[in-house]
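> show me the folded form of this:
(chains A, B and C)
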Amino acid sequence: MKLRKIAERLGCELVGDGEIEISGVAGIEEAGADRLTFVANPKYAALAKTTSAGAILVEPDFPALERTSTLRIKNPYLAFARAIELFYNAPHHKPGIHPTAVVPNSTTIGEGAHVGAYVVIGDDVAIGRDAVLLPHVVIYDGARIGDRFFAHAHAVVREHCVLGDDVVLQNGAVIGADGFGFAKDGKNWRKIVQAGRAVLGNDVEVQANACVDRASVGETVVKDGAKVDNLVQVGHGSTVGERTLLCAQVGLAGSTVIGKDVILAGQVGVAGHLTVGDGAIATAQTGIPNDVAAGSVVSGYPAVENKQWLRQVVVVNKLPEIVKELRTAIKELRNEE
Amino acid sequence: MKLRKIAERLGCELVGDGEIEISGVAGIEEAGADRLTFVANPKYAALAKTTSAGAILVEPDFPALERTSTLRIKNPYLAFARAIELFYNAPHHKPGIHPTAVVPNSTTIGEGAHVGAYVVIGDDVAIGRDAVLLPHVVIYDGARIGDRFFAHAHAVVREHCVLGDDVVLQNGAVIGADGFGFAKDGKNWRKIVQAGRAVLGNDVEVQANACVDRASVGETVVKDGAKVDNLVQVGHGSTVGERTLLCAQVGLAGSTVIGKDVILAGQVGVAGHLTVGDGAIATAQTGIPNDVAAGSVVSGYPAVENKQWLRQVVVVNKLPEIVKELRTAIKELRNEE
Amino acid sequence: MKLRKIAERLGCELVGDGEIEISGVAGIEEAGADRLTFVANPKYAALAKTTSAGAILVEPDFPALERTSTLRIKNPYLAFARAIELFYNAPHHKPGIHPTAVVPNSTTIGEGAHVGAYVVIGDDVAIGRDAVLLPHVVIYDGARIGDRFFAHAHAVVREHCVLGDDVVLQNGAVIGADGFGFAKDGKNWRKIVQAGRAVLGNDVEVQANACVDRASVGETVVKDGAKVDNLVQVGHGSTVGERTLLCAQVGLAGSTVIGKDVILAGQVGVAGHLTVGDGAIATAQTGIPNDVAAGSVVSGYPAVENKQWLRQVVVVNKLPEIVKELRTAIKELRNEE
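Numbers count the residues shown, from 1 in each chain, chains lettered A, B, ... in the order given. Alright, predicted model coming up:
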């Protein structure tokens, strides 16, 4: 595809040679002369001068490049995402129900569904239009699922869970397994029946081997547009707000409320029965034992405001030397008396 | 169900109107007039005055409430767990072996078993009475499993593992996968055959996508009544004591011995070849590199006694200011000389 | 097997009675008189005097034992690994394709393959000789897999991924699920098509429920001889070097480069877009936000050089007392003026 045509499709300003033939996209370090790449992270800006790429997506005020054509647009990362789609040959799943799929009469599936080999669907399930269920997906009784559902091999939706439209489950994702609820009964633990359900909004994606537990009573909720990365644990009775990102291996204990537009980076842990406000960010591995204010950025274990944490880290990293310095000074003062 | 009848069933003292009709249970913030709720966590005690619930399970000495009936009992949380069961309509799995299940003649399954679609059982497996194996469960050769086994879709029990009675596996749980054992052989890693097995006692539950590895030699053991939450790693050759709780994303390295009645909160990590004593508690994200004494409460990375950790955290959180204060004081003392 | 014969097979010097009959291997605390055990970890050296084992694998200069025969060799741990194999009765998977396996004509599988029940293989897949695919394994379209592939039940290889020879996938391992890539589009997240793939080299093992994501563009790479433990997350576009060990629950964010012969212990987290040099070691739970130099040993959150961290920990653990001591000293100096 000519670079000029790509610029048109993406709505970019073209600076350089529009006649270059581009045959794909690539990272800035791997890109060859027929590839389009991008610079969004300032860390990679210097590479723009040395890349072999045929063209680069950059912000409008990016410095001019001598050797390489640029496509200029306000959000080059988003434009790159769209450029990938221009060249992507998506797997095709043609409508039809594989003869080995178990689909009882009490279940309804909308038009256009692809149901793969060995899929098992329970009783009284409703699934909307244009669903793709790849091999070995299991949907338990009574689940309610919207349109354009895409479930990769080995994904599971448990009984009576509710999923909106455009939900994507990657491989091994488990929606609605029992929460970890046990009450002390004498010296033993009695299982608390997990009688509630898990509810995912529209446009929610849950990635590989992640778990969103059902509630004991009521609901565990993941709201519209939220994204849940691999191996994340969403504990029973928790709520995850609109467009919130839970990065890989994040863990939410039970009954915790995460606001909208929150970002919890990898391996963050959040204790139960607390609230993380809208737009808050927690950096990787943060341990959150208390409520977090909306809009704040937190770090550390236990979590404090990120700027405070950074200052603490500087001091802690020199602490043995600082203590020695202070003790020496005091000793000298004593001797001088 | 009349509140009076619920009080009788649960063995509670009824204070208020026993004629109220209760149709279910709910959390204190969501409960409507026909719902029973509970207060066990003091954090929620104030909500008892404002809840719309029809009735509340509380401790015997809970203050009287003007507007709401109470059911009084020593352990309201346990009573609530039992109340959920009163209203819960459990999924029913009728006995029978699905025609697609692979069950060789060399395998024995007790009476009353429900074996779902596409279950695969290996040779020489023995499973007790009243088992429920949901679709896609795989049991490898030679496994020995007790009565009332309940395995959710996609759970796996590997070769020669031994499970007691009343074991529950949630979706994607893996019992007895190979431990992470490699010996340096020149510059490469040689796999150490994982020739041992994993052994779960009675009344053990392993939740979604959690892993209990088999031992290299000998056994990995999870004892009676222990509960293992989602995405937990129990490393090869480890022992988990009776009634111990491993919360979500806990990781135990190899050959570690966790005592009985221990609670490891979410994301706790325990190094290999050490002992955590009976009744110990580790708060969330604690990193345990050394033995932990029975009955102690530990926190921090690396773990120290919880009270010590709390005092450290207070100081570390003010550390930049404290260091400044001390340096300033020393400077003033010097100038005053 | 006579101890003398075992010594010959393993290439050890025999000290003691070669006529003892050994019928298996065991850990040093469990071993009975007919078992061979080993001492590699100095922590267990004292147990060599009290063990009931028939014989012990030790290093050549290990002190002589009065009661127990020893087999002496430079790497007793490796010798023990080989001894396990002498006594191990490996499960046998005879060649053949189960009638329920879905194997399209467009797929090629080399000689000697065992393909279990309900395995589903996509179109245009190529798998080498002597593969073992246990029940419910799913291989998506276009995957390329080398010889002696061993995939446990419920393992998944996604579309167009490439695996070398001698790759082992434990249960529930997912190779090539979509990376966690979303670009802000107004207030919503737009999914970035994950058009790249995941590539595993030769002799790579990925253990239970671990995830190696596919790249958005280009490749996620795990090189020859690397080993990935349970519940590990390898983020999209990352590279894991030759013979590197990622222990349980390690998480790598995207586009991170881990060198060769690296060891990341359990629950270590590594941020995106950075480099961990060859031979580096990170102790358990370390949080790595910046590049790590080759050969270094790091610890802490955020990571610092291990020796520095150990010194910091000593001071932090006494910090309340140290601050009190310093404040008291300053107060005394002030009063003395």
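
> how about A:K331, secondary structure?
Following DSSP: H, G, I helix; E, B strand; the rest coil, we place A:K331 in the helix state.

> my read: A:A40 touches A:A81, true?
No: using CB atoms under 8 Å as the test, A:A40 is too far from A:A81 to be in contact (10.2 Å). For glycine as for every other residue, the C-beta is placed from the backbone atoms N, C-alpha and C.

> between those two, which is the more surrounded one?
A:A81 (22 against 17; other CB atoms under 10 Å in any protein chain shown).

> can you confirm the more buried one is in a helix?
Yes: checked against three-state DSSP, A:A81 lies within a helix.

> give me the secondary structure label for A:K324.
Per three-state DSSP, the local secondary structure of A:K324 is helix.

> count of residues packed around it?
When neighbours are counted by other CB under 10 Å, A:K324 registers 11.

> please apply the same query to the one 3 residues further on.
A:R327 is surrounded by 14 other residues when neighbours are defined as other CB under 10 Å.

> mind listing what the residue nearest to it when sequence neighbours are not counted touches?
Ranked by CB to CB, 6 or more residues apart in numbering or on different chains and with sequence neighbours excluded, the top spatial neighbour of A:R327 is C:L326, at 7.3 Å. With contact set as CB atoms under 8 Å, 6 or more residues apart in numbering or on different chains, C:L326 has these partners: A:V323, A:L326, A:R327, A:I330, B:L326.

> which residues does the first one contact?
When you say that, I think you mean A:V323. Here A:V323 is in contact with C:V315, C:I322, C:L326 (criterion: CB under 8 Å, 6+ apart).

> for the residues you listed, which one is nearest B:Q267?
For the contacts of A:V323, the closest approach to B:Q267 (CB to CB) belongs to C:V315, at 25.5 Å.

> pretty sure the closest one is touching A:L319, no?
Yes: C:V315 is within contact range of A:L319, at 4.8 Å (criterion: CB under 8 Å).

> quick check: mean pLDDT across stretch A:173-188?
Per-region confidence: stretch A:173-188 scores 97 on mean pLDDT.

> please disregard the earlier target; I meant stretch A:116-126.
The predicted model gives stretch A:116-126 an average pLDDT of 98.

> now stretch A:84-98
Averaged over stretch A:84-98, pLDDT sits at 94.

> near chain C, which residues of the stretch 1-150 of chain A? Just list them.
A:24-27, A:30, A:41, A:43, A:75, A:77-78, A:80-82, A:84-85, A:87-88, A:90-91, A:100, A:116-118, A:134-136 (CB under 8 Å from any CB of the partner chain).

> my bad, should have said the stretch 201-337 of chain A
The interface of the stretch 201-337 of chain A toward chain C, taken as CB under 8 Å from any CB, is made up of A:203, A:205, A:207-209, A:225, A:227, A:229-231, A:243, A:245, A:247-249, A:261, A:265-267, A:284-285, A:301, A:313, A:316-317, A:319-320, A:323, A:326-327, A:330, A:333-334, A:337.

> quick revisit: the more surrounded of C:V315 and A:L319?
Under the neighbour definition other CB under 10 Å, C:V315 and A:L319 were set side by side, and A:L319 has more, 21 against 16.

> check contacts around the residue lying closest to A:R72 once chain neighbours are set aside.
For A:R72, ignoring the flanking residues on the chain, the nearest one in space by CB to CB, 6+ apart is A:E13 at 4.2 Å. Under the criterion of CB under 8 Å, 6+ apart, the contact partners of A:E13 comprise A:A7, A:P60, A:L71, A:R72, A:I73.
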